[in-house]
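> Sequence and predicted structure, then a few things I'm wondering about:
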Protein chains: 6
Amino acid sequence: MAMEELIRKANTLVEALPYIRAFFDKTVVIKYGGAAMENDALKASFATDVTLLRFIGLRPVIVHGGGPQIGQLLTRLGKKSEFVDGVRVTDDETMEVVEMVLGGQINAEIVSLVGAAGGQAIGLTGKDAGGFLRVKRLFGPAGRDLGLVGTPERVDVSLLRTLTKDGFIPVVAPVGVDAQGITYNVNADTAAGAIAEALAAEKLILLTDVEGVLDDAKQLIHQMTEAEVRRAIADGTVKGGMIPKLECAVHAMERGVTAAHIIDGRVPHALLLEIFTDGGVGTKLVHAKA
Amino acid sequence: MAMEELIRKANTLVEALPYIRAFFDKTVVIKYGGAAMENDALKASFATDVTLLRFIGLRPVIVHGGGPQIGQLLTRLGKKSEFVDGVRVTDDETMEVVEMVLGGQINAEIVSLVGAAGGQAIGLTGKDAGGFLRVKRLFGPAGRDLGLVGTPERVDVSLLRTLTKDGFIPVVAPVGVDAQGITYNVNADTAAGAIAEALAAEKLILLTDVEGVLDDAKQLIHQMTEAEVRRAIADGTVKGGMIPKLECAVHAMERGVTAAHIIDGRVPHALLLEIFTDGGVGTKLVHAKA
Amino acid sequence: MAMEELIRKANTLVEALPYIRAFFDKTVVIKYGGAAMENDALKASFATDVTLLRFIGLRPVIVHGGGPQIGQLLTRLGKKSEFVDGVRVTDDETMEVVEMVLGGQINAEIVSLVGAAGGQAIGLTGKDAGGFLRVKRLFGPAGRDLGLVGTPERVDVSLLRTLTKDGFIPVVAPVGVDAQGITYNVNADTAAGAIAEALAAEKLILLTDVEGVLDDAKQLIHQMTEAEVRRAIADGTVKGGMIPKLECAVHAMERGVTAAHIIDGRVPHALLLEIFTDGGVGTKLVHAKA
Amino acid sequence: MAMEELIRKANTLVEALPYIRAFFDKTVVIKYGGAAMENDALKASFATDVTLLRFIGLRPVIVHGGGPQIGQLLTRLGKKSEFVDGVRVTDDETMEVVEMVLGGQINAEIVSLVGAAGGQAIGLTGKDAGGFLRVKRLFGPAGRDLGLVGTPERVDVSLLRTLTKDGFIPVVAPVGVDAQGITYNVNADTAAGAIAEALAAEKLILLTDVEGVLDDAKQLIHQMTEAEVRRAIADGTVKGGMIPKLECAVHAMERGVTAAHIIDGRVPHALLLEIFTDGGVGTKLVHAKA
Amino acid sequence: MAMEELIRKANTLVEALPYIRAFFDKTVVIKYGGAAMENDALKASFATDVTLLRFIGLRPVIVHGGGPQIGQLLTRLGKKSEFVDGVRVTDDETMEVVEMVLGGQINAEIVSLVGAAGGQAIGLTGKDAGGFLRVKRLFGPAGRDLGLVGTPERVDVSLLRTLTKDGFIPVVAPVGVDAQGITYNVNADTAAGAIAEALAAEKLILLTDVEGVLDDAKQLIHQMTEAEVRRAIADGTVKGGMIPKLECAVHAMERGVTAAHIIDGRVPHALLLEIFTDGGVGTKLVHAKA
Amino acid sequence: MAMEELIRKANTLVEALPYIRAFFDKTVVIKYGGAAMENDALKASFATDVTLLRFIGLRPVIVHGGGPQIGQLLTRLGKKSEFVDGVRVTDDETMEVVEMVLGGQINAEIVSLVGAAGGQAIGLTGKDAGGFLRVKRLFGPAGRDLGLVGTPERVDVSLLRTLTKDGFIPVVAPVGVDAQGITYNVNADTAAGAIAEALAAEKLILLTDVEGVLDDAKQLIHQMTEAEVRRAIADGTVKGGMIPKLECAVHAMERGVTAAHIIDGRVPHALLLEIFTDGGVGTKLVHAKA
């Protein structure tokens, strides 16, 4: 390797130092999904990033979705789903498939990927540890019944803290239980937000399949305060699927999370870039300066 | 409640004291399967027993099977299985189903059952923690290819120890990984034996759908030494499916497990009875007195 | 043993589970005395109960009396005692006998009984650890001098916490010291109450030689709130020796003890029955629901 | 105070420094008895010394006798004792008195004295903690029955280590239990030796009512090796009650105690002087240089 | 040694016991300087005292000056200093000499002296541990520039606590850093006061070359309250160099230090005498009784 | 920043992952000196590298030299030095200057540099902690007297372990003490080797002002086994100052250090490059494969 090349590498490591110091021993909750969970190269890149975060002293927690994979198995089983406002109405049989796919397939695959990168992940669902993700039933517009769809009520973080303190990387499938022990399907973004909030995380990072939040001129907004987010929602600058993501992020920030990031999961190593460079590859939500 | 009845209850608790003292802080690995995993009352009874064990000071670890449930989903998906000597030949697609059923359905159900009984279970597969159940490929008779069927090579018990020390109850689906990170289906009895051995467990308990080991007169043998087991296998006293179970148990005992039990999972609270009464409800294998 | 009998036993253990879970790691202070301290079978039953409590995760602390035995030795030594309102006027020579009997005879016997049941008890008096039971001199009606009779002023619980945390069972003789280091005789109920209060115990249990608190129709009252106790004292429902016991119990509850029990020490395993069954064998005092 | 006097005081403290450093965190087992346990000034001096040892970093453990006090109570109760070779034949009734006096009177008094000096003592007998001083029955010459007289067989030091590590000073009455849980009277020197041995103590110090070991010319021998002790016993230089004391001391040294001291308990602060000055006030037994 | 002499020695040790108990595990910050740092016998006496304090359970922290030695090296290097109100104007070159003398010469010598006395000292400057003594630039009267002279702004005590907890004796050279990382010379009394305050020390002891605070009749004042100190400054009873010392001491006491001592470092073992005798060898400042 | 550039950065971080995992929690002893200690940019680069190592989980320990700076101060003070075989003959006055420069100037500067990079360094000399670097006097050829020049005899690593475990970075000036407490000048390479050996370090890294070890054709040798080093010395391939460095490195490796590196301190971030890239920037000495 030429000396020049070596020095460029060294400089990159050195540039990361301020971030490494700043985030030492801090918890980062990552919602993993979309393209980053489908493309093989992006999967490996994600697992490597998470493992690297753990070895340089952070405490990553992964929360994943799995809508498309659930759909595929339902289709193979000849089971049709109804959707209300984008939410899958979940009957008992569907819930069984949801659990198998999230807890038995996707979760296991992520654990394997992290293992291949040299990390030690532990697959979890919200049912573990006596139901650490406690939910209540969610109703659709006009009180419509959505079946076994839940929304987070309380997160018992003792297991997550124990695992991250010992260097393990929790991989959480967004399945929760209510007070009666009934199992529910939970939106992964919402679950990640609730977990980040309960852990008073340094960062909540949502991987998406878009560049980030765009302004009216379709340019990426690099940074927004909570007030700016609310205004952008109110005036229609942001639309569609971005709205619930931003609401979830702002909700978590109002309850103790330091910063939230909406990043482009289609970029290799998006996670590392967002955490360890100034520019980043998405939109960072920050608290307004006091 | 009449005073007599009360006193009888007290006496039962008191009779358990010597066992409680003897097994305080000891690890018990339980292979869970068969009728005890199918009948709703037996399921609840099992979950209660395990939770009780944990609260009176033992460290239970559950390893479960799931052959019938795997078969059901394969059938629903129109996928046929070939069997060689009772072992399901496991191709990639089958392995995916195995993982979903064991890791995403059965595992989750056991975790829920224990939660309903007031315990804190954690669902695991051998892929967790960087692959804590390391296996190698198993071949059939005459080197026949069985596909993704593995046999335990090494168990990293650090995660299991951490969890049981903190009062959590690990529930392990018998899925392992080889050195290349490939996922394999593992026989649940064998996995339980390997885990018991690695943990130097006090007891390895195999729940079955028979009374225990029977002698020539079809009478239950309450206790056997390793030598007696070998003789009974050699002279044909025991036959069929009991042979691999006994071999698995003896194998674990030769590598540090104190005692092994083949018990009748069809009896409610079989687990408690076997541990806390002298008679027990099955066959206990013990080391011969030196 | 017939299977039916086995199952009945299992059910008894299982019934205890909710109590075991509820009282896990909780402290229970037991005033031991009366018939339960005189009859050999009841002694063994008590020691077994206490040992069982410890092994299923509670933290028992025993405080014992010893009036009759003190009387016997005084008689043998030809020493007469005067009583004021049921309190033995205690001169220096009497105090010496009190200490020998409580600290050297009864205490030692209880430690032995617990040892025989498989527990590890540690005999203590309030003089240990630099005087962990600090008292002040108590005066009789109209300021009458009672000699070396003290009432608890402050309990230093660090030794008790250390011992119970390590699985030891403290057995405390009710002997205290004042600020000048002078030794005093203390009423055992009062000492137990003060210790329960200082430990913020889950339960204060007073073993007596009666069924419990009886109503006007001589029927056992199973449960009372603090207000009901006060009313029963005020309107004369309860009389005599039960009054100071109830006052002691209510006093402790007002200072942080969760529940108090007046139970019938003449019933074998009264302790277990009161803790692990719903009916119990005595009167339970509880805080009124808010 | 004149400056000269102050400086003399400072020098004394400074002279103690090498000893304080050398014995930091070391265990010292002290057999307490004789004049030091009878004279009020000597009692207070002893308690102060022990407390000082603890505060400057040593771990003192006291083992006490009580023959004269036992005799007094027996006399008051009209009970006669037979002696065989200086050992009191101990029947059940005598044993009860022994326990009351050692465990309830003397033990409590020492605990109080240490408390008055500002230390935190804990009174113990060998019955505590499930019988930490395990003994077997001792027989007299020609197998003569001595009743409940025992000799140490095994010492479980976990309780003593826990207490001394937390800064408590154990005060042990020499009462032991055999495997059947029967209580025995034990010679205090022997008990101290066995405890010192089990703790691998830095020092075993026996307080006596003589100057120490004297040579033929009645001069104090300041230091002896084990071989010199054996020779002095063999050639008759030492006689009578000194012989068992020296044998006890040498026995302990052969099993891991670093040094043993036979000191004159009639000298105020004999303990401090022996530990913190070169001359000392008795005879020090040391291992011969290798 | 005659027995009388021995007993006198024992009494001296015993007299120290109440002080040893009272100051057990307490932190004492000592400003070391003046004659005690120049005379060889006094140096050894100081090092012994500090080591003794550590072994009997206190946590000493030394802060030293070094003006004369700095002056000597500057002279040898031909560098002249200007003084403003007794403060050396410190340019870059002077600061370099200050660091070499304080951090490389005096600090090292004290560490050696303590080592020779058997203690384990660790030489530090305020630059260690990322700048544990944070200062800001100090200006002279009328805003006159004093160069690199700083005054304490914040003390990060984590390193000091870690070291003293492990039995090490920190020796701090009064060199600090500002927010920009620039190194400053700090007055040793002030640095000691700031460190004592940050540690909430039991005592701040300033070694001086005078007897202590004198009254109008030139008699030593043994004890003063903060109010009396302020009055003595106001009415001119104390003058000159004693004023800033008293102000420094009172400042620390107002911020949590229990007592401050101005003692005569010319007396051998002044430190021990002041701490372990009632009279002491200087002036003790105490909080007024509430 | 262009996306390409971002991705290149991410890749560099990712490439470092295997090294970060391999060296997690491992100790690295670095001899710092030469150009890297003179040039301002290289100084900052070194401090950054060391800080980065600490934050990504390694435990760096720095040992520095200072010959040129010592020479400068001696010159300014008009003091001449004699050299024997390249070793400065060190009289008392010279030793004083050595200590001031190493312990008060260079050490302090390195501590500041690391602090500026965000690390927490602690300046030490071998005199700290009761003399953790124990040396004996070294003699020149033919027994020539070199004055106060010592060679390491024993290293007490407890302080170094405590500090590195708590995240502090020790900076050690190569000054030692002998059994009599006399201070000696020690060669920095030798001191680093002895410290690496005592810590059983993963790596000993010597920063030099050359490229590394060159072969006969003046080409850098990237890797050598111990046997190859000995051969290269024997056959004259390596010459001059490189010989003692290699001997020091091999000596440490024979006593438990895993690998040693001779690297080019003139290259910015040489430390990072050597540890985190395969090529490295110097010569790596490794144990021959078994």
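That came in fine, so what should we check first?

> nearest residue to the residue in the stretch 151-290 of chain A that chain F sits nearest to other than its sequence neighbours?
In the stretch 151-290 of chain A, the residue found nearest to chain F is A:His269; the distance is 3.5 Å by Cβ to the nearest Cβ. Quick note: C-beta positions are derived from backbone N, CA and C, even for glycine. Sequence neighbours aside, F:Ala10 is the residue nearest to A:His269 in space, at 3.5 Å (criterion: Cβ to Cβ, 6 or more residues apart in numbering or on different chains).

> so how many other residues sit close to that neighbour?
Neighbour count of F:Ala10, defined by other Cβ atoms under 10 Å in any protein chain shown: 25.

> what's the angle from the helix or strand where it lies to helix A:3-23?
Taking DSSP states H and E as the definition, F:Ala10 sits inside helix F:3-23. In terms of direction (axes from the mean of the first three to the mean of the last three Cα atoms, to 10 degrees), helix F:3-23 departs from helix A:3-23 by 70 degrees.

> Show the contacting residues for the residue of the stretch 151-290 of chain A closest to chain F.
A:His269 is in contact with A:45, A:48-49, F:7, F:10-11, F:13-14, counting by Cβ atoms under 8 Å, 6 or more residues apart in numbering or on different chains.

> rerun at 6 Å
Neighbour list for A:His269: A:45, A:49, F:10 [criterion: Cβ atoms under 6 Å, 6 or more residues apart in numbering or on different chains].

> Can you list the low-confidence ranges for chain A?
Residues of chain A that meet the criterion pLDDT under 70 lie in A:1, A:279, A:290.

> quick one on the thing from earlier: list just the nearest of the contacts of A:His269 to chain D.
Once Cβ to the nearest Cβ is applied, the member of the contacts of A:His269 that ends up nearest chain D is A:Asp49, at 46.4 Å.

> what does the one helix or strand that closest one maps to rub up against?
Assessed by DSSP H and E, A:Asp49 sits inside helix A:40-55. Applying Cβ under 6 Å, 6+ apart, the external contacts of helix A:40-55 come out as A:36, A:60, A:113-114, A:117-119, A:169, A:268-269, A:271-272, F:14, F:17, F:20-21.

> where exactly do the helices run in chain A?
A:3-23, A:40-55, A:67-76, A:92-99, A:107-116, A:128-131, A:158-165, A:188-198, A:226-234, A:242-254, A:270-276 (DSSP state H).

> Who are the packing partners of the longest one?
Going back to what we said before, that points to helix A:3-23. If contacts are counted by 3 or more Cβ pairs under 6 Å, 6 or more residues apart in numbering or on different chains; DSSP states H and E, helix A:3-23 sits against helix F:3-23, helix F:40-55, helix F:270-276.

> Of those, which stretch is the most buried?
Most buried of those by mean neighbour count (mean count of other Cβ atoms under 10 Å in any protein chain shown) is helix F:270-276; its value is a mean of 26.

> quick check, distance from it to the centre of its chain.
14 Å (Cα atoms, centre = their mean, to the nearest Å).

> Return the list of helices and strands in contact with that helix.
Judged by 3+ Cβ pairs under 6 Å, 6+ apart, helix F:270-276 is in contact with helix A:3-23, strand F:259-264.

> Surely A:Val238 is in contact with A:Arg231?
No. Using Cβ atoms under 6 Å, A:Val238 makes no contact with A:Arg231, being 9.9 Å away.

> Those two: who's more crowded?
Counted by other Cβ under 10 Å, A:Val238 and A:Arg231 do not tie: A:Val238 has more neighbours, with 22 against 13.

> ok, how many other residues are close to A:Arg144?
Residues lying near A:Arg144 (other Cβ under 10 Å) number 11.

> Quick check: phi and psi at it.
Main-chain torsions, A:Arg144, degrees, to the nearest 10: phi -70, psi 140.

> Who are the contact partners of the residue nearest to it when sequence neighbours are not counted?
Residue nearest to A:Arg144 in three dimensions, not counting chain neighbours: A:Val84, with 5.7 Å by Cβ to Cβ, 6+ apart. Contacts of A:Val84 were listed using Cβ under 6 Å, 6+ apart, and they are A:140, A:144, A:146.

> what's the answer for A:Asp209, then?
A:34-35.

> let's go with 10 Å and repeat that
Going by Cβ atoms under 10 Å, 6 or more residues apart in numbering or on different chains, A:Asp209 touches A:33-36, A:38, A:241, A:264-266.

> ok, longest strand in chain A?
strand A:145-155 (DSSP state E).

> export it as CSV, just CAs?
This file holds the C-alpha atoms of strand A:145-155, laid out as CSV (Å, rounded to 0.1, in the frame of the first residue of the first chain):
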residue,chain,number,x,y,z
ASP,A,145,-61.1,-3.1,15.0
LEU,A,146,-57.6,-3.9,13.7
GLY,A,147,-57.4,-7.2,15.5
LEU,A,148,-54.1,-8.0,17.3
VAL,A,149,-52.4,-4.7,16.7
GLY,A,150,-50.9,-3.1,19.7
THR,A,151,-49.2,0.1,20.7
PRO,A,152,-46.4,0.4,23.3
GLU,A,153,-47.5,1.2,26.8
ARG,A,154,-44.5,0.4,28.9
VAL,A,155,-41.0,-1.0,28.2
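
> buried sites along that strand?
A:146-152, A:155 (16 or more other Cβ atoms under 10 Å in any protein chain shown).

> For chain C, what is the nearest residue in the stretch 151-290 of chain A?
For the stretch 151-290 of chain A, Cβ to the nearest Cβ, closest residue to chain C: A:Ser158, 15.0 Å.

> you'd agree that residue is up against A:Ala129?
Yes. A:Ser158 lies in contact with A:Ala129 (Cβ atoms under 10 Å); the separation is 7.5 Å.

> tell me, what's touching these two both at once?
With Cβ under 10 Å, 6+ apart, A:Ser158 and A:Ala129 have common neighbours B:120, B:166, B:168.

> For the last one, grab phi and psi.
Going back to what we said before, that points to B:Phe168. According to degrees, to the nearest 10, B:Phe168 has phi -80, psi 150.

> Look through the stretch 1-150 of chain A and state the residue closest to chain E.
A:Arg21 (10.9 Å).

> With F:Gly167 as the reference, measure out to the residue lying closest to that residue once chain neighbours are set aside.
In space, and not counting its chain neighbours, A:Arg21 is closest to F:Gly118: 4.9 Å by Cβ to Cβ, 6+ apart. Separation of F:Gly118 from F:Gly167 (Cβ to Cβ, to the nearest Å): 12 Å.

> Comparing these two, which shows the higher neighbour count?
Shown here are F:Gly118 and F:Gly167; by other Cβ under 10 Å, F:Gly118 has more neighbours (18 against 13).

> how close does the more buried one get to chain C?
According to Cβ to the nearest Cβ, to the nearest Å, F:Gly118 stands 41 Å off from chain C.

> What residues does that residue make contact with?
Contacts for F:Gly118 (Cβ under 10 Å, 6+ apart) come out as A:17-18, A:20-22, E:130, F:47-48, F:51-52, F:54-55.

> would TSV of these with distance to F:Lys203 be doable?
Below are the contacts of F:Gly118 laid out as TSV (distance: Cβ to Cβ, whole Å):
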residue	distance to F:Lys203
A:Leu17	20
A:Pro18	25
A:Ile20	20
A:Arg21	23
A:Ala22	27
E:Gly130	24
F:Ala47	18
F:Thr48	18
F:Thr51	17
F:Leu52	15
F:Arg54	14
F:Phe55	17
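
> which residue does the stretch 1-150 of chain A bring closest to chain C?
Among the residues of the stretch 1-150 of chain A, A:Gly130 lies closest to chain C, at 10.9 Å counting by Cβ to the nearest Cβ.

> Just give the nearest non-adjacent residue to A:Tyr32, would you?
A:His64 (4.5 Å).

> That neighbour contacts A:Val186, correct?
No. Counting by Cβ under 10 Å, A:Val186 is not a contact partner of A:His64; they are 11.7 Å apart.

> what sits in contact with each of these two?
Common contact partners of A:His64 and A:Val186 (Cβ under 10 Å, 6+ apart): A:102, A:173-174, A:192.

> Top of those by number of neighbours, please.
Result: A:Ala173 is most packed of the shared contacts of A:His64 and A:Val186 (other Cβ under 10 Å), 34 neighbours.
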